[in-house]
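Student: have a look at this fold, sequence not included:
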DNA sequence: CCTAATAATTAGGTATACCTAAATCGGCGA
DNA sequence: TCGCCGATTTAGGTATACCTAATTATTAGG
């Protein structure tokens, strides 16, 4: 035995696989490759195959998996994955608003706790926060019944033509990155003027509020999601 | 691999063993028997032996264990056990005061979360609560530096002579019991008159506030800790 | 169309933390 | 003092979730 099981019956590990599959599945609903999962989860490809075979055999299966053809969430798996995302984002919002955590420490704490809180805890912090729709990074918080409103935002690296954009969200995966992004004033809601730079490795932007010009590396820029406001 | 490791390097399971040893070690600082640990943790005696051997061999060892002679916490082990208890009691206080949890749901949630919160989380909820000294059940919350003030309270079942007592704390281990105890008005701070009953299985008490007389079973009464106020 | 690189899978191990069943130990009563 | 009984330990297994190394698929380029 060992390996703690949650209310749901899943282990922490299983939840992490489901969450990873959800986030690697684009809006196009395609299949996710084992290698992509392995990279995301930081485990060996063989471990992914093992886990997918196990999940695939379980009843009811949270995934639709075919040898050499990648994996996709079943409705069951998607329901759970979305619930874990809801937990994560509610916890981040709670840590930020109630416990005054600094932005870049939210992710790691939420990542651990999301697997272990009860439905009651979820319900109570949601109530305390007034059932928020967005977390502190600008990500949509799925509703209790599993609806996750889709944003049609693009990555800052995907901008085709110069224009004025507004920041929707910033990725919380890398604390160092996030800290830098925040220090530049790039927070959800901020407006900025984007100029396609000559260098393929950098993106030039200008913040509307401060009129400061900035050059961001591809890596940093890809952590920022935006939508166009005007040309 | 598998089995999550905390900041400290311990697994959840190890923490639970340390906590159980701490709570089974009376104020007399004696050794704890394997059987007692097995019963407390709900595992087979053989599992206890296994774990104690493993802990005993680790460096620095959290326990002082000798074959057939029981186990005792080393200073290292005691430090960790007390920290986990601090986590548990702070979390309970937080759930009760900030998230309005009902008394009898505190324990289970805290029992899960105590292993996974960071030092920052601990520090933030302690600050939010004004560094409380007692949890909602009346148990002392160890300080940050591991001091745990000792209470010289006795169990309600240990009363020798009739008299007036004040409730120090109630055990949170069994939610059903706790719910019943609470419904009788037996909360920390309450005063009551105890009369040694004729039956060896029951204890008669009378609450000062309501003047209601009650008979408690041994099991229920042993969940209540008190100290004498006068004869 | 075939091969070489990359992806994926299989085979065989490790560590944690449980379990049951079979010894073995230790202290108490006859 | 001896034997017995309960407590403890040893021996041997299970399940989870990882790993590496070896093998097999797929696919893209020549």
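Tutor: Now that the structure is in, tell me what you want to look at. Not measured: the values here are computed from a predicted model.

Student: now stretch A:166-177: buried residues?
Tutor: Of the residues in stretch A:166-177, those scored as buried under the neighbour-count criterion (16 or more other C-beta atoms under 10 Å in any protein chain shown) are A:167, A:168, A:169, A:170, A:171, A:172, A:177. (Each C-beta comes from the backbone N, C-alpha and C, glycine too.)

Student: what is the mean pLDDT for that stretch?
Tutor: Model confidence over stretch A:166-177, given as mean pLDDT, is 94.

Student: okay, and which of the buried residues of stretch A:166-177 map to helices?
Tutor: residue A:177 (DSSP state H).

Student: as CSV, the buried residues of stretch A:166-177 with distance to chain B would be great.
Tutor: Output for those, formatted as CSV (distance: C-beta to the nearest C-beta, whole Å):
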residue, distance to chain B
A:167, 27
A:168, 28
A:169, 24
A:170, 21
A:171, 21
A:172, 16
A:177, 20
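
Student: could you look up the SS state of residue A:52?
Tutor: helix (DSSP: H, G, I helix; E, B strand; the rest coil).

Student: in the lowest-mean-pLDDT helix or strand in chain A, what counts as buried?
Tutor: Across the helices and strands of chain A, mean confidence by mean pLDDT, DSSP states H and E is lowest for strand A:202-207: a mean of 77. Judged by neighbour count (16+ other C-beta under 10 Å), strand A:202-207 contains these buried residues: A:203, A:204, A:205, A:207.

Student: just stretch A:142-157 next, same as before
Tutor: Of all the residues in stretch A:142-157, those buried under the rule 16+ other C-beta under 10 Å are A:142, A:148, A:153, A:154, A:156.

Student: wait, the fourth one touches residue A:226, no?
Tutor: Yes. Here residue A:154 lies in contact with residue A:226, judged by C-beta atoms under 8 Å, at a distance of 6.4 Å.

Student: enumerate the residues of chain A near DNA strand C.
Tutor: Counting by C-beta under 7 Å from any atom of the strand, the residues of chain A close to DNA strand C are A:1-2, A:33-36, A:45-46, A:48-50, A:52-53, A:67-68, A:70.

Student: among the residues you listed, find me the one that's closest to residue A:79.
Tutor: Taking C-beta to C-beta as the measure, residue A:52 is the one of the residues of chain A next to DNA strand C closest to residue A:79, at 18.3 Å.

Student: where do the strands sit along chain A?
Tutor: With DSSP state E as the criterion, chain A has strands at A:63-65, A:71-73, A:154-155, A:163-170, A:191-195, A:202-207, A:213-217, A:224-230.

Student: closest one to DNA strand D among those?
Tutor: In terms of C-beta to the nearest atom of the strand, the element of the strands of chain A nearest to DNA strand D is strand A:63-65, at 13.1 Å.

Student: redo the strands of chain A as CSV? Include distance to residue B:125.
Tutor: Below are the strands of chain A laid out as CSV (distance: least, C-beta to C-beta, whole Å):
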stretch, distance to residue B:125
strand A:63-65, 37
strand A:71-73, 35
strand A:154-155, 36
strand A:163-170, 26
strand A:191-195, 36
strand A:202-207, 36
strand A:213-217, 36
strand A:224-230, 32
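
Student: residue of chain A closest to DNA strand D, please.
Tutor: When scored by C-beta to the nearest atom of the strand, chain A has residue A:11 as its residue closest to DNA strand D, at 2.8 Å.

Student: ok, the spatially closest residue to that residue that is not a sequence neighbour - contacts?
Tutor: Of all residues not flanking residue A:11 in the chain, residue A:3 sits nearest, at 5.0 Å (C-beta to C-beta, 6 or more residues apart in numbering or on different chains). Taking C-beta atoms under 8 Å, 6 or more residues apart in numbering or on different chains as the criterion, residue A:3 is in contact with A:11, A:12, A:13, B:2, B:3.
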